[in-house]
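heads up, no residue letters with this:
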Ligand code: MN
């Protein structure tokens, strides 16, 4: 149970949205665990509403992309998790307490769909509207750490953009803290840096979805354009909150 709480704490979602993770409250945990195998028939995962409207990130991320990304793609990960019968060989409700190590499951269903649910829930919070096209820069301790580890914000932006645009195929680009140092890394599919399979494990500070479904409607094959526009709507306040989380 602690592993699960620890996992959600690490990614800063605990308490953020009771709807997103019904699993996080102790009462519900106990209720689910008491249900044992039958809990597969309950629906422990739900899609929480976005903290802004679907058109709020225009003109950088368009309304239709946000709508489909949230109500179709993210919803599909949630639905698949809920459809996964708990009687499946290596999957029981009790095993979900070990979300921190979801990659340990041989079942790709769990790794991909729980990973997808966690990554997207986090990603939505790391975006924020920027209607006035204001310069969007990190501040405070996170800005200091970026300057310390990348020399300047511009240099960090360049390296992150390169890494994100060059990542082959579907996946995510992350800013993480590892060994008290900021690091840019990518993961394939719906893996993330909390998973043991990740090339670099660490505390997630910033996340960027580089799956085609995140940009194709507006940007088609031009992933680099999507990335350069995304900088306008990165939520640095949330990123700093994640960075400062112990
Ligand atoms: Mn996505």
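That came through, no problem. Please read these numbers as outputs of a predicted model, since none were measured by experiment. Numbering: from 1, shown residues only.

and this protein, which residues reach the ion?
By the rule CB under 5 Å from the ion, the part of the chain lying against the ion is 209, 211, 214. C-beta here means a position set from N, CA and C on the backbone, and glycine is covered the same way.

Bridging across strands, which residues link to the first one?
The reference is to residue 209. Following DSSP bridges, residue 209 is listed with bridge partners residue 172.

Please name the spatially closest residue to residue 237 (chain neighbours excluded).
Take residue 237 and drop its neighbours on the chain: the residue closest to it by CB to CB, 6 or more residues apart in numbering is residue 128, 7.5 Å away.

Helix or strand with the lowest mean pLDDT in the protein?
Least confident helix or strand, the chain: helix 26-35 with a mean of 34, by mean pLDDT, DSSP states H and E.

what number of residues lie near the closest residue to the ion within the chain?
Across the chain, the shortest distance to the ion (CB to the ion) belongs to residue 209, at 4.2 Å. Neighbouring residues of residue 209 were enumerated by other CB atoms under 10 Å; the total is 26.

Next one, pLDDT for residue 45 please.
Looking at residue 45, its pLDDT is 76.

now for the top helix by length along the chain, which elements pack on it?
Under DSSP state H, the helix in the chain containing the largest number of residues is helix 108-125. Based on contacts counted as 3 or more CB pairs under 8 Å, 6 or more residues apart in numbering; DSSP states H and E, the elements that helix 108-125 packs against are helix 75-83, strand 203-209.

Could you tell me the least trusted of the ones you listed?
Comparing these on mean pLDDT, the least confident stretch is helix 75-83, scoring a mean of 87.

domain ranges for the protein?
For the chain, automatic domain parsing gives the domain ranges 2-40, 61-246.

Determine which stretch of those domains is the most buried.
domain 61-246 (a mean of 17; mean count of other CB atoms under 10 Å).

Endpoint to endpoint, it covers what distance?
End-to-end distance for domain 61-246: 31 Å, by CA to CA, to the nearest Å.

One more: stretch 66-74?
Criterion CA to CA; first-to-last residue distance in stretch 66-74 is 10 Å.

In terms of helices and strands, where is residue 143?
Following DSSP states H and E, one finds residue 143 within helix 140-150.

same question but for residue 174, I mixed them up
Applying DSSP H and E as the criterion places residue 174 in strand 171-178.

Which residues outside that strand are in contact with it?
The set of residues external to strand 171-178 that reach it, using CB atoms under 8 Å, 6 or more residues apart in numbering, is 119, 145, 160, 163-164, 167, 182-193, 200-211, 239, 243.

give me that answer again for 6 Å
163-164, 183-188, 193, 200, 202-210 (CB atoms under 6 Å, 6 or more residues apart in numbering).

Report the inter-axis angle for that strand versus strand 203-209.
Counting by axes from the mean of the first three to the mean of the last three CA atoms, to 10 degrees, strand 171-178 lies at 160 degrees to strand 203-209.

Going C-terminal from strand 171-178, what's the next secondary structure element?
Downstream of strand 171-178, the next assigned helix or strand under DSSP H and E is strand 181-188.

Now residue 193: phi and psi?
Main-chain torsions, residue 193, degrees, to the nearest 10: phi -70, psi 0.

same question, residue 155
With angles defined as degrees, to the nearest 10, residue 155 sits at phi -70, psi -40.
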